[in-house]
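**Q** got a sequence here, can you model it:
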Amino acid sequence: MSQQGTAGRGGGASRPSTRPVRLGRPPAVLLVPAALAALLLVVPVVALVVAAPWGTLAERLASQAVGEALAISLGTSLATVLVCLLLGTPLAWVLARLDLPGLGLLRALVAVPLVLPPVVAGVALVTAFGRTGVVGAPLREAFGLTLPYTTAGVVLAHVFCAMPFYVLSVEGALRSAGERCDAVAATLGASRWYAFRRVVLPLAVPGVLAGCVLAWARSLGEFGATITFAGNFPGTTQTMPSLVYTALQADADDARALALVLLAVSLAVLAGLRHRWLDPLRGHRRERA
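**A** Residues are numbered from 1 along each chain as shown. Got it, this is the predicted structure:
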């Protein structure tokens, strides 16, 4: 009773106990499927690393075909990121800032390539930009421009598959920045274009960088839409994933060596974006501590 009176006179709430709460033993019904899921995800990657031909890795990766495929992959993936920056950033701003009829449908259509099977994406690209496609036929007749089976076709396929990752990432960053910045800039006499360049976009830089990395990684690993729309011609349209597919039919060790390169890139991307997954967990643990 006296302790309650003292707490009441102090006017402050009692501090919660710092003793750890015993939640009991983890149930096996959760641990067993969790372990199976972890093994399903980890074992293939570990098996690839263990079975890789480490003794002849440098020799296998030094071939001309690997150099050409790597150059095409790097060049097309960087071009994809540039296109995403130039076209995807305005689209993300429209989705995040404007209130127009049909905007929800547009957002859904933008996200369709995320769930579209890659081969179906390639068929859609052929239908639209093929030699006899809806857009491809007029381009060929008016300018003599054909996109299938060219390096530009590879970039187009990569943009189609990677753009949604960039747009959704930047849209989320723009929404996090909020429209209050636009309102404040407007009260100071700034136009929406000026506010976008000098206020909104600088605040969204983390989301833009994350979107660029995601789009680059998606572009670098794209296979299905690329081989369907642009083919698999060495020195022109053969990217690293396409070369892995070709090598797997002839020499499994060559395929594993090439796969290691893409695995290293994937791990580098994961390390670069680690704050998106690891930092919130660390902050949560610090709060619990």
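**Q** what's the neighbour count on the closest residue in space to residue 194 that isn't next to it in sequence?
**A** Of all residues not flanking residue 194 in the chain, residue 185 sits nearest, at 7.1 Å (Cβ to Cβ, 6 or more residues apart in numbering). Heads up, the C-betas are built off the backbone N, CA and C, glycines and all. Applying other Cβ atoms under 10 Å, we find 18 residues neighbouring residue 185.
**Q** who touches stretch 182-197?
**A** With contact meaning Cβ atoms under 8 Å, 6 or more residues apart in numbering, stretch 182-197 is reached by 93, 97, 181, 198, 199, 200.
**Q** could you do stretch 105-113 as well?
**A** Contact partners of stretch 105-113, identified using Cβ under 8 Å, 6+ apart, comprise 91, 95, 121, 160, 161, 163, 164, 167, 168.
**Q** on that earlier part again, and the gap between the residue nearest to residue 194 and residue 172?
**A** Applying Cβ to Cβ, to the nearest Å, the value for residue 185 to residue 172 is 21 Å.
**Q** just residue 92 next, same as before
**A** 9 Å.
**Q** between these two, which one's more packed in?
**A** Neighbour count, other Cβ under 10 Å: between residue 92 and residue 172, residue 92 has more, with 27 against 16.
**Q** what pLDDT does the model give the more buried one?
**A** On pLDDT, residue 92 comes in at 95.
**Q** I'd assumed residue 170 was in contact with it.
**A** Yes - contact status for residue 92 versus residue 170: in contact at 3.8 Å, counting by Cβ atoms under 8 Å.
**Q** re earlier: now the contacts of stretch 182-197 in TSV, with secondary structure and neighbour count?
**A** Shown next, in TSV, are those (DSSP: H, G, I helix; E, B strand; the rest coil; neighbours: other Cβ atoms under 10 Å):
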residue	secondary structure	neighbour count
93	helix	19
97	helix	17
181	helix	16
198	helix	11
199	helix	17
200	helix	22
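**Q** of these, which is the nearest to residue 244?
**A** residue 93 (36.9 Å; Cβ to Cβ).
**Q** check contacts around that closest one.
**A** Residue 93 sits next to 170, 174, 196, 200 when contact means Cβ under 8 Å, 6+ apart.
**Q** neighbour-wise, which of those residues leads?
**A** Tallying neighbours with other Cβ under 10 Å puts residue 170 at the head of the contacts of residue 93, with 29 neighbours.
**Q** so how far is whichever strand or helix holds that residue from its chain's centroid?
**A** Taking DSSP states H and E as the definition, residue 170 sits inside helix 151-177. The chain centre lies 8 Å from the centre of helix 151-177; the measure is Cα atoms, centre = their mean, to the nearest Å.
**Q** which other helices and strands does that helix contact?
**A** Applying 3 or more Cβ pairs under 8 Å, 6 or more residues apart in numbering; DSSP states H and E, one finds that helix 151-177 makes contact with helix 64-83, helix 89-97, helix 103-115, helix 118-129, helix 205-221, helix 224-229.
**Q** and these as a markdown table, adding distance to residue 237?
**A** Output for the helices and strands packed on helix 151-177, formatted as a markdown table (distance: least, Cβ to Cβ, whole Å):
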| stretch | distance to residue 237 |
| --- | --- |
| helix 64-83 | 7 |
| helix 89-97 | 27 |
| helix 103-115 | 20 |
| helix 118-129 | 12 |
| helix 205-221 | 14 |
| helix 224-229 | 7 |
